[in-house]
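Colleague: Task: produce atomic coordinates for the following.
(one chain, ligands or ions: 1)
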Amino acid sequence: MRQYSLVIIGFGGMGEQHYRLLEKHPLLKVTGVCDINLERQSEAKALGLKVYETYESVLMDSSVNMVLIATPNHIHKEIAIAALNGKKHVICEKPVTLNSHELEEILAVQEKTGYVFMVHQNRRWDEDFLTIKKIYDTKQLGELYQVEQRVFGSRGIPGDWRKNKEFGGGMLLDWGVHMLDRLLIMIPEKIVSVDCYLSFALKEEVDDGYHLRLIFESGKSAICEVGTTNLISLPKWYVTFTKGTAIVEDWFLNGKIVSLKNVDNNDARPIVAGAGLTKTMAPRHDDSTLTIPLDKVYKDHKEFYTNFIDVVEKKAEPFVKNCEVLRVMKLIDTAFKSNEIGQRIKFED
Ligand SMILES: NC(=O)c1ccc[n+]([C@@H]2O[C@H](COP(=O)([O-])OP(=O)(O)OC[C@H]3O[C@@H](n4cnc5c(N)ncnc54)[C@H](O)[C@@H]3O)[C@@H](O)[C@H]2O)c1
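Modeller: Residues are numbered from 1 along each chain as shown. Just a heads-up that it's a prediction; the model follows:
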């Protein structure tokens, strides 16, 4: 059985995470790393890995079959294009590039050279997303009205390159690509419009959060929100369907599904609420709803790497297709534009 030699370019937090995940992979062997930081080079040496000081030297090494790019975002394009021209297959971290035009440049080289280029959209494998997607796919709660996904933290933007525009920092690029990627594979519809508001609460040069809304062709709507100044979190997922509501509270998959039973639309009685009276918002009787736990879905994210090898060997289609990533990047471009002009923008006809 053939083993492929892979070099990780950018051996920081995520680069090392890939190394750990690949430690026992039967087909992919991390043989070396490239990092410009001396401390990271020493760490790699201590792990018995070959160290390359520049990515160009990795590309000159004919024993290397593939590279994984885990540098800060601004340099993904340059390294990806050089690697494809240097006859290496490429896995690239997200966000793949800073905008869709940069990705188109990579894809033109990919097409010309025929080497595989695949983006690590790993949050497709998150159990919270897979759990919500199953409810959507099986229609157990009927048709979707609105999906809301949120990620809130309270530590601001980490004090590294993520704070800088020139390095591709900011939360819309960082988390937006995950959130939109997941929505687009879950809801296979055209997107009519995008509306985005970026937050600069921390007065950094890049956004520290965002509120983004998509309207799909059928009228379904999606809200994505990220905050880095939130000491109290809202649920990760809050989804309303024609026959019920699902909630995922947190990373630990606390949550529930509430659906309708014994529906009687004439049983609403006004209640005194606050300083007023409401019939519309009167709670339902307990016997008209059914509450069940989430049917949690887990899938091994390491199948991403195996699929990559299968694509290299022309045995499978990529799990993460470049056309999907390009669509997300176009959506990100449009979201930035929407924030800039302060308006909702039409997306796909
Ligand atoms: N998919 C995910 O879940 C996930 C999570 C975190 C980060 N990421 C992505 O991974 C990438 C790296 O993020 P990180 O958190 O590991 O950052 P990091 O700062 O921890 O690591 C980046 C490393 O790249 C090195 N580097 C910088 N320029 C280089 C160059 N020209 N050549 C070689 N090495 C260079 C730095 O010295 C550093 O060690 C980013 O694109 C980020 O968005 C993805």
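Colleague: show me where this structure has helices.
Modeller: Along the chain, counting by DSSP state H, helices occupy 13-22, 38-46, 55-60, 76-85, 100-113, 127-138, 171, 177-186, 303-312, 322-341.
Colleague: want to try CSV for those, with mean neighbour count, distance to Q3 and mean pLDDT as columns?
Modeller: (Each C-beta comes from the backbone N, C-alpha and C, glycine too.) Listed next are the helices of the chain as CSV, based on neighbours: other Cβ atoms under 10 Å; distance: least, Cβ to Cβ, whole Å; pLDDT from 0 to 100:
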stretch, mean neighbour count, distance to Q3, mean pLDDT
helix 13-22, 17, 11, 98
helix 38-46, 14, 19, 98
helix 55-60, 17, 18, 98
helix 76-85, 22, 19, 98
helix 100-113, 17, 23, 98
helix 127-138, 18, 30, 98
helix 171, 21, 38, 98
helix 177-186, 22, 30, 98
helix 303-312, 19, 10, 98
helix 322-341, 19, 26, 98
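Colleague: will you turn those helices into CSV that also has distance to D267?
Modeller: Listed next are these as CSV, based on distance: least, Cβ to Cβ, whole Å:
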stretch, distance to D267
helix 13-22, 53
helix 38-46, 64
helix 55-60, 67
helix 76-85, 57
helix 100-113, 51
helix 127-138, 26
helix 171, 44
helix 177-186, 34
helix 303-312, 48
helix 322-341, 42
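Colleague: mind checking which of those is nearest the ligand?
Modeller: Proximity of these to the ligand was assessed by Cβ to the nearest ligand atom; the nearest stretch is helix 13-22, lying at 3.4 Å.
Colleague: packing partners for that closest one?
Modeller: strand 4-9, strand 28-34 (3 or more Cβ pairs under 8 Å, 6 or more residues apart in numbering; DSSP states H and E).
Colleague: Mind doing that once more with 10 Å?
Modeller: strand 4-9, strand 28-34, helix 38-46, strand 66-69, helix 303-312 (3 or more Cβ pairs under 10 Å, 6 or more residues apart in numbering; DSSP states H and E).
Colleague: Give me the distance between the residue lying closest to L260 once chain neighbours are set aside and the ligand.
Modeller: Nearest non-adjacent residue to L260, counting by Cβ to Cβ, 6 or more residues apart in numbering: K243, 5.7 Å away. The gap separating K243 from the ligand is 34 Å, by Cβ to the nearest ligand atom, to the nearest Å.
Colleague: Could you do K50 as well?
Modeller: 14 Å.
Colleague: Over to E317?
Modeller: 21 Å.
Colleague: Now for the residue nearest to L260, how many residues are close by?
Modeller: K243 sits with 13 neighbouring residues when counted by other Cβ atoms under 10 Å.
Colleague: next one: V206
Modeller: V206 has 21 neighbours, counted by other Cβ under 10 Å.
Colleague: picking that back up, indicate which one of the helices of the chain is closest to H211.
Modeller: helix 322-341 (9.6 Å; Cβ to Cβ).
Colleague: Put together a markdown table for the helices and strands packed on helix 13-22, with distance to S259 on each row.
Modeller: Compiled in a markdown table, those are given as follows (distance: least, Cβ to Cβ, whole Å):
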| stretch | distance to S259 |
| --- | --- |
| strand 4-9 | 46 |
| strand 28-34 | 43 |
| helix 38-46 | 51 |
| strand 66-69 | 43 |
| helix 303-312 | 32 |
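Colleague: got JSON lines for the ones you listed, with distance to the ligand too?
Modeller: What follows is those, written out as JSON lines (distance: least, Cβ to the nearest ligand atom, whole Å):
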{"stretch": "strand 4-9", "distance to the ligand": "5"}
{"stretch": "strand 28-34", "distance to the ligand": "5"}
{"stretch": "helix 38-46", "distance to the ligand": "4"}
{"stretch": "strand 66-69", "distance to the ligand": "8"}
{"stretch": "helix 303-312", "distance to the ligand": "10"}
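Colleague: Tell me which of those sits nearest to C224.
Modeller: Among these, helix 303-312 comes nearest to C224, with 22.6 Å by Cβ to Cβ.
Colleague: What's the local residue count around E53?
Modeller: Each residue near E53 was counted by other Cβ under 10 Å, and the total is 12.
Colleague: In contact with it, which residues?
Modeller: By Cβ atoms under 10 Å, 6 or more residues apart in numbering, the residues touching E53 are 34-36, 38, 41.
Colleague: The same query, at a cut-off of 8 Å, please.
Modeller: Shown in contact with E53 (Cβ atoms under 8 Å, 6 or more residues apart in numbering): 34, 36, 41.
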